[in-house]
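> I would like to see how this sequence folds:
(one chain, ligands or ions: 1)
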Amino acid sequence: MIPSVLPTYNRASLSFVRGEGSWMIEADGRRFLDLGAGIAVNSLGHAHPALVKALTDQAQALWHTSNLYQIPQQQALADRLVDHTFADTVFFTNSGTEACELAVKMARKYFYDKGQPDRSDIITFSGSFHGRSAAGIAAAGSEKMTKGFGPLLPGFVHLEFGDHDALTAAITETTCAIMVEPVQGEGGIRPLPDACLKGLRDLCDEHGILMILDEVQCGVGRTGKLFAHEWAGVAPDIMMVAKGIGGGFPLGAVLATEDAASGMTAGTHGSTYGGNPLGCAVGCAVMDIIADPAFLAEVNRKSGLMRQKLEGLIAAHPDVFESVRGAGLMLGLKCKVPNTDIVTAGYAHEVITVPAADNVIRLLPPLTITDEEIAQAIARLDDAAASLSAP
Ligand code: PLP
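Next up, the predicted model:
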């Protein structure tokens, strides 16, 4: 008999009732150190006082009105995002997938309005993940996600990640945009080198096409800059954001330049819930903390500490781990044993990690993780690895 919850997930037999900072707690009091943060969502950990206050204050005042009216919290969050980024304008969604939908529509409408309606193809890359909607799976294009769900939304051209020559050759007069994650998350914490991101920007400029960055997983302080593309010193035309911006409240956004967004006039897009007062009140509280350069400096310092300790862990378990990669607190451990074995062994030692493609485990702790918790995380991963390599 089908379970009452549609069984599209292989769930671990863990169930949490409470969260405190970097910890998730089961009903029997068992405490797990959370290096997954709900897959890069709980950017400020669990039950951060500023976020609890923002949400409960707003919950007592007003939950929902609709985008038919002015929403001051939405305006305030849009202003913060515009102030801190390349963007001139923002549309709010409830998820990363919905941000992908709008990014695709916006890029196509841009060229339609310029009298080039055939310029509608978007180039994407192997290993990418842009969500599970019809556009999201067509964009990523992997068989794992698309099989059985055809006919797929046309207009996506899939290339090998990192193959600059293939990319140059693939740009034609029907290309409207390139969509890429600066650091692939689901794909196995695969950073696009800064030089490649710069090269992509140059190609887009040369051919007059739009650069869409998917920073749903790598954005909002995760890599130690507010947004990951800042490391390369380039700016996109359109950017998808979600996960960390809501700190656990469902919130996403599309940020764009005035030019890229020029086709999105009244009536061309909408959302009942996107940008609702609850989500935006929380988003403002998140931005007020994470956009502070001192906070981002701490993310970078803790990243250095964690990487150094992870190198030690790899050296201690060369039969289990191969290498560490990533940026900031978006780190991946390439494994020599099946990554899911390590994730499961971690559960037994009360540490949460998240598997990704390319036999990687992801370490995406709350950005507020302390030095002491980092030391504990390594000790628990050490125990988990020892349990796997034991004779
Ligand atoms: N884009 C990227 C890079 C993601 O990592 C994800 C989710 O993991 C998405 C898009 C989809 O976001 P959501 O699950 O919020 O719809």
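
> run through the helices of the stretch 51-200 of the chain in chain order.
Assigned helices in the stretch 51-200 of the chain, in chain order: 72-84, 96-113, 134-140, 143-146, 164-170, 194-207 (criterion: DSSP state H, counting those that start in this stretch).

> of those, which is nearest the ligand?
Evaluated over the helices of the stretch 51-200 of the chain, closeness to the ligand peaks at helix 96-113, with 2.3 Å, by Cβ to the nearest ligand atom. From N, CA and C alone the C-beta is placed, and that goes for glycine too.

> and the closest one, what does it pack against?
Helices and strands in packing contact with helix 96-113 are listed as strand 89-93, helix 134-140, strand 175-180, strand 210-214, strand 238-241, strand 252-256; criterion 3 or more Cβ pairs under 8 Å, 6 or more residues apart in numbering; DSSP states H and E.

> centre of the chain versus it, how much separation?
Average the C-alpha atoms of helix 96-113, do the same for its chain, and the two points are 18 Å apart (Cα atoms, centre = their mean, to the nearest Å).

> same question for stretch 188-200.
Between the centre of stretch 188-200 and the centre of its chain there are 15 Å (Cα atoms, centre = their mean).

> the chain should start at 391 in everything you say after this.
All set: I'll call the first residue 391, so the last point we hit is now stretch 578-590.

> any residue of that stretch touching the ligand?
No. Remark: stretch 578-590 sits outside contact range of the ligand, by Cβ under 6 Å from any ligand atom, the gap being at least 11.1 Å.

> buried ones in that stretch?
Counting neighbours by 16 or more other Cβ atoms under 10 Å, one finds that the buried residues in stretch 578-590 are 578, 579, 580, 581, 582, 586, 587, 589, 590.

> turn the residues you listed into CSV, including distance to residue 750 and pLDDT.
CSV is the format used below for the buried residues of stretch 578-590 (distance: Cβ to Cβ, whole Å; pLDDT from 0 to 100):
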residue, distance to residue 750, pLDDT
578, 4, 98
579, 6, 98
580, 9, 98
581, 12, 97
582, 16, 95
586, 19, 93
587, 21, 96
589, 25, 95
590, 23, 96
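
> check the helices of the stretch 441-590 of the chain for me: which has the lowest mean pLDDT.
Least confident of the helices of the stretch 441-590 of the chain, judged by mean pLDDT, is helix 554-560 with a mean of 91.

> list the buried residues for that helix?
residue 557.

> contacting residues around that helix?
By Cβ atoms under 8 Å, 6 or more residues apart in numbering, the list of residues contacting helix 554-560 from outside reads 513, 547, 549, 550, 568, 586, 589, 590, 593.

> quick one: residues contacting the second one.
Residues in contact with residue 547, defined by Cβ under 8 Å, 6+ apart, are 511, 512, 513, 514, 560, 565.

> I'd say residue 487 and residue 523 touch.
Yes. In terms of Cβ atoms under 8 Å, residue 487 counts as a neighbour of residue 523; the distance is 4.6 Å.

> what does this structure put close to the ligand?
If contact is defined as Cβ under 6 Å from any ligand atom, the residues of the chain in contact with the ligand are 429, 485-487, 490, 519-521, 571, 575-576, 604, 606-607, 632.

> which of those residues are buried? Put it as a ChimeraX command.
The ChimeraX selection below is limited to those of the residues of the chain next to the ligand classed as buried (16+ other Cβ under 10 Å):
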select :485,486,487,490,519,520,521,571,575,576,604,606,607,632
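
> the worst-scoring helix or strand of the chain on mean pLDDT: how far from the chain's middle?
Of all the helices and strands that make up the chain, helix 554-560 has the lowest average by mean pLDDT, DSSP states H and E, namely a mean of 91. In this view, helix 554-560 has its centroid 26 Å away from the chain centroid, taken as Cα atoms, centre = their mean.

> residues in contact with the closest residue to residue 476 other than its chain neighbours?
With Cβ to Cβ, 6 or more residues apart in numbering as the criterion, residue 476 has its nearest non-adjacent residue at 3.6 Å, and that residue is residue 625. The neighbours of residue 625, taking Cβ under 8 Å, 6+ apart as the test, are 475, 476, 591, 619.

> any chance of those in TSV, plus neighbour count?
Formatted as TSV, the entries for the contacts of residue 625 read as follows, by neighbours: other Cβ atoms under 10 Å:
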residue	neighbour count
475	21
476	18
591	20
619	29
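
> looking at these, which one is closest to the ligand?
Checking the contacts of residue 625 one by one against the ligand (Cβ to the nearest ligand atom), the nearest turns out to be residue 619, at 13.1 Å.

> isn't the closest one up against residue 586?
No. Judged on Cβ under 8 Å, residue 619 makes no contact with residue 586 at a distance of 11.5 Å.

> can you tell me how far residue 531 is from the ligand?
Distance check for residue 531 against the ligand: by Cβ to the nearest ligand atom, to the nearest Å, it reads 14 Å.

> show me what counts as buried in the lengthiest helix in the chain.
Of all segments of type helix in the chain, defined using DSSP state H, the longest is helix 683-706. Buried residues in helix 683-706, counting neighbours by 16+ other Cβ under 10 Å, are found at 685, 686, 688, 689, 692, 693, 696, 697, 699, 700, 703, 704.

> what do you get for stretch 759-777?
Judged by neighbour count using 16+ other Cβ under 10 Å, the buried positions of stretch 759-777 are 759, 763, 764, 766, 767, 768, 770, 771, 772, 774, 775, 777.

> in JSON lines, list those residues along with pLDDT and secondary structure.
As requested, the buried residues of stretch 759-777 are exported to JSON lines (pLDDT from 0 to 100; DSSP: H, G, I helix; E, B strand; the rest coil):
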{"residue": "759", "pLDDT": "98", "secondary structure": "coil"}
{"residue": "763", "pLDDT": "98", "secondary structure": "helix"}
{"residue": "764", "pLDDT": "98", "secondary structure": "helix"}
{"residue": "766", "pLDDT": "98", "secondary structure": "helix"}
{"residue": "767", "pLDDT": "98", "secondary structure": "helix"}
{"residue": "768", "pLDDT": "98", "secondary structure": "helix"}
{"residue": "770", "pLDDT": "98", "secondary structure": "helix"}
{"residue": "771", "pLDDT": "98", "secondary structure": "helix"}
{"residue": "772", "pLDDT": "98", "secondary structure": "helix"}
{"residue": "774", "pLDDT": "98", "secondary structure": "helix"}
{"residue": "775", "pLDDT": "98", "secondary structure": "helix"}
{"residue": "777", "pLDDT": "96", "secondary structure": "helix"}
